[in-house]
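> quick one, fold the following:
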Amino acid sequence: MASPSIALRHMREGDLEAVLAVQAAAYPPAMQEAAALLGVRLRSAPSTALVACLDGAVCAYVFAYPSLLGRVTALDAPFAPAPAPDTLYLHDLAVAPQALGRGLARRMVARLLARAAADGLRYTALVSVQDSRAFWESLGYGEDAGRPPCSALASYPGAAIYMTRRL
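Numbers count the residues shown, from 1 in each chain. Alright, predicted model coming up:
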């Protein structure tokens, strides 16, 4: 049996239905965001929205955008890309259960971080949810204890941790 074909590419509007299916499989209902909002996010930062495909089918995605260190996007809020960014903010990364263990999340993050560094950004940041802290720490992120929790963190159910990494 042949190994599945894996491809990373920029997200397109036509991918949103598949992205919603991945989101539904990866997150509890309280963390699922509306299709219209995902479309707005894609249009506001198309160069930093990626999908991973197995044999042509979307099975993972990431939404990110250029921001400022310390700025957090609340759950269910649109992106506000910074005109003079210093940070790539990774807002949402999800992998469908059937695609776990293939390194897709790591590959998508690596691609985005390489681009952010090439664009001169100095940091990357995110909010860790669903006990994902160890995964993000394995990629070099650490809790940014120097920044006070902001109200946007309270929009996430469960424990939400603001994490950063220098590029």
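> any chance you could map the helices in this protein?
For the chain, the helices defined by DSSP state H occupy 16-26, 35-44, 104-118, 133-138.
> mind checking which of those helices is nearest Pro78?
Proximity to Pro78 (CB to CB) singles out helix 35-44 among the helices of the chain, at 5.1 Å. Any C-beta I mention is one placed from the backbone N, CA and C, and that applies to glycine too.
> ok, back up a step: Tyr65 is nearest to which of the helices of the chain?
Nearest to Tyr65, of the helices of the chain and by CB to CB, is helix 35-44 at 6.7 Å.
> report the angle between that closest one and helix 16-26.
120 degrees (axes from the mean of the first three to the mean of the last three CA atoms, to 10 degrees).
> just the CA trace of helix 35-44, in CSV.
The C-alpha trace of helix 35-44 is given here as CSV (Å, rounded to 0.1, in the frame of the first residue of the first chain):
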residue,chain,number,x,y,z
ALA,A,35,-17.8,29.9,9.2
ALA,A,36,-18.4,33.6,8.4
LEU,A,37,-15.7,34.6,11.0
LEU,A,38,-13.2,32.1,9.5
GLY,A,39,-13.8,33.6,6.1
VAL,A,40,-13.1,37.1,7.4
ARG,A,41,-9.9,35.9,9.0
LEU,A,42,-8.8,34.2,5.8
ARG,A,43,-9.4,37.4,3.8
SER,A,44,-7.6,39.6,6.5
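> so which bits of that helix are buried?
For helix 35-44, burial by neighbour count (16 or more other CB atoms under 10 Å) applies to Leu38, Arg41, Leu42.
> could you give the mean pLDDT of it?
Taken as a whole, helix 35-44 has an average pLDDT of 96.
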